[in-house]
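Engineer: Sequence and computational prediction follow.
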Amino acid sequence: MSISNKWWFRFGIGVILILTIIWLMNEVNFVFTPLVIFVQTLFVPFLIAGILFYLFRPLTELLEKWRLPRMIAILVIFLIVIVILTMIVRVIGPIVQTQFVRLLENVPDMISAVEEGISYWQQNQEQIPQFIKDFVDTIGSKLEGIFAATGTVVGNALGSIFGFVFSLVIVPFILFYLLSDRERFTPNVVRFFPESKEGEIRHVLKDMDKALASYIQGQLIVSTCVGILLLIGYLIIGLEYALLLALFAMAMNVIPFLGPFLAVIPALIVAFFQEPTMVLYVIIVMIVAQQIESNLVSPQVMGRALNIHPLTIILLILVGGNLAGVLGMILIIPSYAVVKVIVQHSKQLLSIKRQES
């Protein structure tokens, strides 16, 4: 058998070709700059529209089963969403605005309290053990880095307001065409492959679609449950800005496993300045909500629906965070689910070919 027919030789040649292509693309990256700008401009609206597509598609299919034409069903869903958002804004909006304004008004008092603590620290350093000084200095440097990073993020966010508004404007149009032409996606992809592979490609696309739908719909359920649980807990213990903090927790919970812990940080800060003993109550509320979420809700979504081990999810989140920040944490799990489907089908095809040979 010739060496060129060895699998390891062909694999090595493939790796060399891929690395060569990457090197060439890096050398002529100016050619791809317009394409990169184009993709960056459309990425956010298509991402939001894709998420909404998986949330609204079951409702569209339900209305179509009730013999409503597809266009009418989509318009009915849009109308229902507009009515619900209007009601939420009218009912919750004033409360959130009031709590947000109060929080901003109390920020100077919080800063003054921190400054007083720093002054006390500087005046009484001789009475404090050295290991405590080292620990506080380490925490201070970490907080300084966090505040600097936060300022950068806020500045970038303010500079991207126009792009975000543009994204929100075109999302409904993209979503409308995704819902109305959803059956055309699979045939348009299949036609790029040989006819002999049509069945296999359709099977892969179906499993990918199922994985994404399970993840997105499940994350909506998990985030909503966590937000409601924390809101109830915050109201019971009398924490200030309860609704604002619960909404923040609901938004942060799109990051699996780590989301609830990140979401409780502002609540701990608010609780400390409200009353130091309130911190203990917030921790108890967080633990109860986390236990309910991790033992009753998430296993049904992240474990059985996607069949991904919790340790794998944690490792993926760490990798996604290092690669692309918060957005990487959010997108790494569905991306892994899609890649996993492709790998599983590839293994099945290879095993079938080996058996046939």
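Structural biologist: It's in. Numbers count the residues shown, from 1 in each chain.

Engineer: just so I have it, where are all the helices in the stretch 151-300 of the chain?
Structural biologist: 161-180, 185-190, 198-237, 242-252, 259-274, 278-292, 298 (DSSP state H, counting those that start in this stretch).

Engineer: Would you point to the one among these that's packed deepest?
Structural biologist: Each of the helices of the stretch 151-300 of the chain was scored by mean neighbour count; the highest is helix 298, a mean of 24, by mean count of other CB atoms under 10 Å. C-beta here means a position set from N, CA and C on the backbone, and glycine is covered the same way.

Engineer: the longest helix in this structure is where?
Structural biologist: helix 70-123 (DSSP state H).

Engineer: Can you list the helices and strands that that helix packs against?
Structural biologist: Counting contacts by 3 or more CB pairs under 8 Å, 6 or more residues apart in numbering; DSSP states H and E, helix 70-123 packs against helix 29-65, helix 161-180, helix 242-252, helix 259-274.

Engineer: how distant is stretch 259-274 from the center of its chain?
Structural biologist: Taking CA atoms, centre = their mean, to the nearest Å, one finds stretch 259-274 lying 20 Å from the centre of the chain it belongs to.

Engineer: what mean pLDDT would you report for it?
Structural biologist: Stretch 259-274 shows a mean pLDDT of 81.

Engineer: What of stretch 313-325?
Structural biologist: For stretch 313-325, mean pLDDT is 76.

Engineer: So, low pLDDT: which residues of this structure?
Structural biologist: Along the chain, segments meeting pLDDT under 70 span 1-8, 29-33, 35-36, 38-40, 109-168, 256-257, 296-310, 326, 349-357.

Engineer: Show me how it divides into domains.
Structural biologist: Structural domains assigned to the chain are 31-111+145-180, 199-357, following automatic domain parsing.

Engineer: what distance separates the shortest one from the centre of its chain?
Structural biologist: Put plainly, it is domain 31-111+145-180. 13 Å.

Engineer: can you check stretch 244-258 too?
Structural biologist: For stretch 244-258, the distance to the chain centre is 10 Å (CA atoms, centre = their mean).

Engineer: now the end-to-end length of it.
Structural biologist: This stretch, stretch 244-258, spans 19 Å end to end (CA to CA, to the nearest Å).

Engineer: circling back to that earlier point, relative to Thr20, which of the domains of the chain is closest?
Structural biologist: The closest of those to Thr20 is domain 31-111+145-180. By CB to CB, the value is 16.3 Å.

Engineer: In contact with Leu179: list those residues for me.
Structural biologist: Phe53, Phe56, Arg57, Thr60, Arg70, Ile74 (CB atoms under 8 Å, 6 or more residues apart in numbering).

Engineer: Need the max-distance pair from these.
Structural biologist: Spanning the widest gap among those are Phe53 and Arg70, at 13.7 Å by CB to CB.

Engineer: of those two, who's got more company?
Structural biologist: Phe53 (20 against 16; other CB atoms under 10 Å).

Engineer: ok, now which ones touch the nearest residue to the more buried one once chain neighbours are set aside?
Structural biologist: Closest residue to Phe53 apart from its sequence neighbours, by CB to CB, 6 or more residues apart in numbering: Leu178 at 4.6 Å. Residues near Leu178 by CB under 8 Å, 6+ apart: Ala49, Gly50, Phe53.

Engineer: Quick one: these as a markdown table, columns for distance to Gly227 too.
Structural biologist: Converted to a markdown table, the contacts of Leu178 look like this (distance: CB to CB, whole Å):
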| residue | distance to Gly227 |
| --- | --- |
| Ala49 | 23 |
| Gly50 | 22 |
| Phe53 | 23 |
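
Engineer: Closest one of the contacts of Leu179 to Asp207?
Structural biologist: Asp207 lies nearest to Arg57 out of the contacts of Leu179, by CB to CB, at 16.4 Å.

Engineer: Test my guess that Val171 contacts Leu42.
Structural biologist: No. Using CB atoms under 8 Å, Val171 is not in contact with Leu42, being 11.0 Å away.

Engineer: neighbours of Asp181, just the number please.
Structural biologist: 11.

Engineer: repeat for Glu195
Structural biologist: Glu195 has 8 nearby residues by other CB under 10 Å.

Engineer: That one and Arg202: what is the separation?
Structural biologist: 12 Å (CB to CB, to the nearest Å).

Engineer: Next, show the common contact partners of those two.
Structural biologist: With CB under 8 Å, 6+ apart as the test, Glu195 and Arg202 reach no residue in common.

Engineer: any residues touching stretch 262-279, and which ones?
Structural biologist: 103, 106, 109-110, 113, 226, 230, 234, 237-241, 245, 248-253, 255, 281-283, 286.

Engineer: Convert the C-alpha atoms of that stretch to PDB, please.
Structural biologist: Provided in PDB are the C-alpha atoms of stretch 262-279 (Å, rounded to 0.1, in the frame of the first residue of the first chain):
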ATOM      1  CA  LEU A 262     -22.600  36.400  39.000                       C
ATOM      2  CA  ALA A 263     -26.200  37.700  39.400                       C
ATOM      3  CA  VAL A 264     -26.100  37.700  43.200                       C
ATOM      4  CA  ILE A 265     -23.000  40.000  43.400                       C
ATOM      5  CA  PRO A 266     -25.000  43.300  43.100                       C
ATOM      6  CA  ALA A 267     -27.500  41.900  45.600                       C
ATOM      7  CA  LEU A 268     -24.700  41.300  48.100                       C
ATOM      8  CA  ILE A 269     -23.400  44.800  47.600                       C
ATOM      9  CA  VAL A 270     -26.800  46.400  48.100                       C
ATOM     10  CA  ALA A 271     -27.500  44.200  51.100                       C
ATOM     11  CA  PHE A 272     -24.200  45.100  52.800                       C
ATOM     12  CA  PHE A 273     -25.000  48.900  52.500                       C
ATOM     13  CA  GLN A 274     -28.600  48.300  53.500                       C
ATOM     14  CA  GLU A 275     -27.700  46.300  56.600                       C
ATOM     15  CA  PRO A 276     -24.700  44.000  57.000                       C
ATOM     16  CA  THR A 277     -26.800  41.100  58.400                       C
ATOM     17  CA  MET A 278     -28.900  41.300  55.200                       C
ATOM     18  CA  VAL A 279     -25.900  39.700  53.400                       C
END
